[in-house]
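Participant: Structure, please.
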Amino acid sequence: MIRRILWTLGILFLVLLAFGWWDRGAGEQYRFDKVIGEKGSGQGKLNEPFDIAIDKDGFLYVTDTRNFRVQKLDGNGRFVLEWGGRGEGDGLFEKPAGIAVDKDGNVYVSDYDNDYIQKFSPDGKFILRWGKNGNGKGEFDSPSGIAVDSKNRVYVMDLYNHRVQKFDSNGNFIAAWGGKNKVNNVRSVLSFLFPEQKPGDFYYPGKIAISPDDKVYVSDSYNNRVQVFTTSGRYLFQWGGMGLWRGRFRVSSGITIDREGNVYVLDFYNDRVQKFTGDGKFITKWGSEGSTPGRLKGPTGITLDREGGVYVVDWTNHRIERFKALQ
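Facilitator: Presented below is the predicted three-dimensional model:
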């Protein structure tokens, strides 16, 4: 009888833990500022936007996926220009996904369905493209997130190949790392008991970001965690696990890093943003499911401006939301 009671209490504790019963939330440090965009196909309107990047002058670049284009906006969300069109070939897209800007202002866009990367000037002029479907060096199976380091080296999340690929700014292959490996869901919930699970492997990794000191942070989406590497692919550490409470994820998605090295991670099915130190210590979180201003539904992309504003791509709601820190 005692054993049965202890077993039942143990199961109840794990259920409460998994659903975040004890997590009363962090002190809110960010508040809603503005909405950018709405569903549509006109200038400044969006249809399933997926990712966002910002350049040194504060211009925003958005992959407007179902409109088969990239839109460039100013920091207030006003339309500047667009480029793209549906198709396969130079300057065309079937499913524009990840987007990143290098220190020279060039824009890199991954195409999830065409399995290639394209590079453009800041005003949308086509420069080059590389990649094709496959699992060899420089080949992709649904490239998703993309990031650029301080030396303009390009890192691409190769989603269905479960790896990171690294290139120079002209698309020449440098290295790759990773491999398919799913963390057991129970162990993921109990990651405080199993802190280092399948390091260096991924399960449908979605997004990637580079820190000011050139560490590579990978949103290992369906393993519900963040993994950190050197630029050569050497594993350093990880954090996360499945769950609803602080520091946990239900599919980690977009990721970005501020000048102080703090890491912002989107939590897709928990409809929120979480902020961590560079070594994975929880700082704060905000967001909840909904379509009213300040709420999120399936957030996918994130970037920061120089004023500390946080731009979040609210995928299902066909918009971008800006949040800012409380003074």
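Participant: residues touching residue 127, list them.
Facilitator: Residue 127 makes contact with 106, 118, 119, 120, 121 under the criterion C-beta atoms under 8 Å, 6 or more residues apart in numbering. To be clear about C-beta, it is placed using only N, CA and C from the backbone, and glycine gets the same treatment.
Participant: repeat that with 10 Å
Facilitator: Residue 127 is in contact with 90, 91, 106, 107, 108, 118, 119, 120, 121, 169, 170, 171, counting by C-beta atoms under 10 Å, 6 or more residues apart in numbering.
Participant: Let me know the closest of the residues you listed to residue 319.
Facilitator: Taking C-beta to C-beta as the measure, residue 319 lies nearest residue 107 of these, at 21.1 Å.
Participant: thought the closest one was touching residue 99?
Facilitator: Yes - contact status for residue 107 versus residue 99: in contact at 6.6 Å, counting by C-beta atoms under 10 Å.
Participant: For those two, list the residues in contact with both.
Facilitator: Common contact partners of residue 107 and residue 99 (C-beta under 10 Å, 6+ apart): 53, 61, 70, 120.
Participant: What's the per-residue pLDDT of residue 22 here?
Facilitator: For residue 22, the pLDDT comes out at 46.
Participant: typo on my end, residue 194
Facilitator: Residue 194 is assigned 61 on the pLDDT scale.
Participant: same question, the one 4 residues further on
Facilitator: Residue 198 is assigned a pLDDT of 81 by the prediction.
Participant: so who does it touch?
Facilitator: Applying C-beta under 10 Å, 6+ apart, the residues near residue 198 are 179, 181, 182, 183, 184, 187, 220, 223, 225, 227, 238.
Participant: picking up where we left off before, out of the contacts of residue 127, which one sits closest to residue 269?
Facilitator: residue 108 (27.7 Å).
Participant: Can you pull out the low-pLDDT segments for this structure?
Facilitator: Residue ranges of the chain with pLDDT under 70: 1-28, 187-188, 190-196, 327.
Participant: For residue 235, give me its contacts.
Facilitator: 177, 196, 199, 200, 201, 227, 228, 229.
Participant: Apply 6 Å and report the result again.
Facilitator: When contacts are counted by C-beta atoms under 6 Å, 6 or more residues apart in numbering, residue 235 touches 199, 200, 229.
Participant: Which single one of the residues you listed is nearest to residue 308?
Facilitator: Closest approach to residue 308 among the contacts of residue 235 (C-beta to C-beta): residue 229, at 26.5 Å.
Participant: Is it correct that that closest one is in contact with residue 215?
Facilitator: No - between residue 229 and residue 215 there is no contact under C-beta atoms under 6 Å: 7.1 Å.
Participant: packing partners for the helix or strand containing residue 226?
Facilitator: Using DSSP states H and E, residue 226 maps to strand 225-229. Under the contact definition 3 or more C-beta pairs under 6 Å, 6 or more residues apart in numbering; DSSP states H and E, strand 225-229 sits against strand 216-220, strand 235-240.
Participant: in its sheet, what does it sit against?
Facilitator: strand 216-220 (antiparallel), strand 235-240 (antiparallel) (DSSP bridges).
Participant: Can I get the ones you listed in TSV including distance to residue 284?
Facilitator: Listed next are those as TSV, based on distance: least, C-beta to C-beta, whole Å:
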stretch	distance to residue 284
strand 216-220	18
strand 235-240	15
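Participant: just these: most buried one?
Facilitator: A comparison of the strands paired with strand 225-229 by mean neighbour count, using mean count of other C-beta atoms under 10 Å, puts strand 216-220 on top with a mean of 27.
Participant: picking that back up, now, which of the shared contacts of residue 107 and residue 99 lie within strands?
Facilitator: 53, 61, 70, 120 (DSSP state E).
Participant: show me where the stretch 151-300 of the chain has helices.
Facilitator: Using DSSP state H, counting those that start in this stretch, the helices of the stretch 151-300 of the chain run over residues 185-189.
Participant: go on, the stretch 1-150 of the chain?
Facilitator: For the stretch 1-150 of the chain, the helices defined by DSSP H, counting those that start in this stretch occupy 2-18.
Participant: how close does residue 85 sit to residue 201?
Facilitator: Residue 85 is 37 Å from residue 201, where distance means C-beta to C-beta, to the nearest Å.
Participant: And those two? Which one has more around it.
Facilitator: A count of neighbours by other C-beta atoms under 10 Å puts residue 201 above the other of residue 85 and residue 201, at 20 against 12.
Participant: For the spatially closest residue to that one that is not a sequence neighbour, give its distance to residue 267.
Facilitator: In space, and not counting its chain neighbours, residue 201 is closest to residue 181: 3.3 Å by C-beta to C-beta, 6 or more residues apart in numbering. Per C-beta to C-beta, residue 181 is found 22 Å from residue 267.
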